[in-house]
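Trainee: Make a model of this:
(chains A and B)
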Amino acid sequence: MPTHKTLAATGNAVVAEAMRQCKPDVMAAYPITPQTTIVEEFAAFVAKGKTHCEYVTVESEHSAMSACIGAAAAGARVMTATSSQGLALMWEELHIASGMRLPIVMANANRALSAPINIHCDHSDIMGARDTGWVTYFAETAQEAYDNTIMAVRVAEHPDVMLPAMSTLDGFITTHSIDRVSVMDDETVAAFAGEYVPKSALLDTDAPVLHGAFAGLGGPFFEFKKQQRVAMENARQVIKDVGAEYSALSGRPFDVVETWGMEDAEIAIVVLGSTAGNVRHVARDLRAKGLKAGVVKVRVWRPFPYAELAAVLKGLKAVAVLDRAESFGAEGGPLFLETRGALYDLETRVPVVGYIYGLGGADVKLELIERVYQDLSDIAAGSAAPAGLVYLGAREEA
Amino acid sequence: MKWDISDIGSWTYKDFPAGAVIPEAGNSNDYITGGWRSERPWRDDSKCTQCLLCWIVCPDTSINVADEKVTTFDLDHCKGCGICAQVCPVDAIDMVPEGCDLPEVK
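Mentor: Numbering: from 1, shown residues only, chains lettered A, B, ... in the order given. As a prediction, this is how the structure comes out:
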């Protein structure tokens, strides 16, 4: 029976705690705002003997992921954390970790990418990692960040998956704000995470293997990518099964798409991360005024829950997608494109409007969300959708 | 444990080891790179002092040594880079064109 303790803690602190409880063998990490307190807290655990983890202080994030890959290939349970420029710096190795099928678990503090330099929340860093073959969770709250991190370990290491996984949380908003978080006892979490049984460990000298092979022209590179696709597809059910098992322990619900008010919603906003809280707050107010507003939060970004999203948005009169990242040159942001794709095969077309918001930590005022619901309401009543992509709240011509 | 790849030509994506892990140690030894050469090393045993410097520097582990003495070159794997000939302190190694008749070629 798990015991639960309620803490007042930041998202970063509970991510570090979740990692400690999952007993990693190696952490190779480099600090970067706003992830720094994850690795600092974890380093303190190491220094105080609260974990037996080998902590490698590397000279950059590229080295961090490189060391993580080496350690994971050796057979260790490996974790790390990064953000923004750090995630970008390890970009080549994100593909490598996934291609080598190493179940590394990484926390990402979602932060804007330069230029110009900005250390605050947006999702551009994680969107750059979209196609790298990492299972990716988005937390709305510190609680979800704690829960997602623990679940990520089981999903990554599952024999039908064996892919690296990211547990992301919004920079400063979730990483640094003190929130009410319920954590479980060490024994329960350790038992849930279980023992990592590596498939082909370099340190298993009885069964020597080679990691990092070359698969050149005429070789099976294409087939190895097919393996990764299959693994990521397998992750869909594994994520749900692990989620159900975790929910039974934690008492907290989990789903890849989490909804509010969608039972009879006519309009809805689709969103990732902490802004779901703002949206829900506004939706509640609008419901009280008779507007049938719903909220659709995507909690697992990769594999993208297109079937679940289509099921939830089917039949709606209008949907807005809020993207906290750009995809310059595309019709809208990444979440907008994936949502539209998910709805493409529906018999009845659902109007979907794209909004870019909150880049570089731009304040997500409730009035902005109200404006979005107002736009949706107008579209539902027959007005035309706003022409083109809307930069919500940016200083533009009136 | 020999990794059986005799029917690799008919493997589907499911048959390849996950993550392109090769489940056998040192199987690069089976891959013949000797055909890449355009020059090969030729050692004059009468000049050789058995210092083993050539063996130390060979990047392809292609200098065969037995009882601490250089014997032959591993022509299955020697790529003809010529580092052994460069490094030999007594010029006991010459690089000669691949395909020539040995030892008459000078």
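Trainee: Around chain A, which positions in chain B sit nearby?
Mentor: B:1, B:11-14, B:16-27 (CB under 8 Å from any CB of the partner chain). No exception for glycine: its C-beta is placed from N, CA and C like everyone else's.
Trainee: Can I get the buried part of these as one PyMOL selection?
Mentor: Buried subset of the residues of chain B next to chain A, written as a PyMOL selection, criterion 16 or more other CB atoms under 10 Å in any protein chain shown:
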select buried, chain B and resi 16+17+18+19+20+21+22+24
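Trainee: Let's see the distance spanning stretch A:352-367 from one end to the other.
Mentor: 20 Å (CA to CA, to the nearest Å).
Trainee: What is the distance between it and the centre of its chain?
Mentor: On the basis of CA atoms, centre = their mean, to the nearest Å, stretch A:352-367 sits 18 Å off its chain's mean C-alpha point.
Trainee: tell me the contacts of the residue in the stretch 251-398 of chain A that chain B sits nearest to?
Mentor: Closest to chain B within the stretch 251-398 of chain A is residue A:303: 17.6 Å, counting by CB to the nearest CB. By CB atoms under 8 Å, 6 or more residues apart in numbering or on different chains, the contact list for residue A:303 reads A:135, A:232, A:233, A:235, A:236, A:239.
Trainee: same thing but 10 Å
Mentor: Applying CB atoms under 10 Å, 6 or more residues apart in numbering or on different chains to residue A:303 gives the contacts A:135-136, A:163, A:229, A:231-236, A:238-239, A:256.
Trainee: how much space between it and residue A:162?
Mentor: 14 Å (CB to CB, to the nearest Å).
Trainee: hmm, back to that, most widely separated two among the contacts of residue A:303?
Mentor: Pairwise distances across those peak at 18.0 Å for A:229 and A:256 (criterion: CB to CB).
Trainee: the strands in the stretch 1-150 of chain A, which residues?
Mentor: Taking DSSP state E, counting those that start in this stretch, the strands of the stretch 1-150 of chain A run over residues A:4-10, A:26-29, A:54-57, A:78-82, A:105-110, A:135-138.
Trainee: repeat for chain B
Mentor: B:39-43, B:63-66, B:69-73, B:93-97 (DSSP state E).
Trainee: and those strands, which is most packed in?
Mentor: Comparing the strands of chain B by mean neighbour count (mean count of other CB atoms under 10 Å in any protein chain shown), strand B:39-43 ranks first with a mean of 20.
Trainee: now the angle from that one to strand B:69-73?
Mentor: 150 degrees (axes from the mean of the first three to the mean of the last three CA atoms, to 10 degrees).
Trainee: helix/strand/coil for residue A:384?
Mentor: The three-state label given to residue A:384 by DSSP: H, G, I helix; E, B strand; the rest coil is coil.
Trainee: filter the contacts of residue A:303 to the buried ones?
Mentor: Buried subset of the contacts of residue A:303 (neighbour count, 16+ other CB under 10 Å): A:135, A:136, A:163, A:231, A:232, A:234, A:235, A:236, A:238, A:239, A:256.
Trainee: got the contact list for the last one?
Mentor: When you say that, I think you mean residue A:256. Contacts of residue A:256 by CB under 10 Å, 6+ apart are A:137, A:236, A:239-240, A:243, A:298-301, A:303-305, A:307-309.
Trainee: among the residues you listed, which ones are buried?
Mentor: For the contacts of residue A:256, buried by 16+ other CB under 10 Å: A:137, A:236, A:239-240, A:243, A:298-301, A:303-305, A:308-309.
Trainee: Perfect, that will be all.
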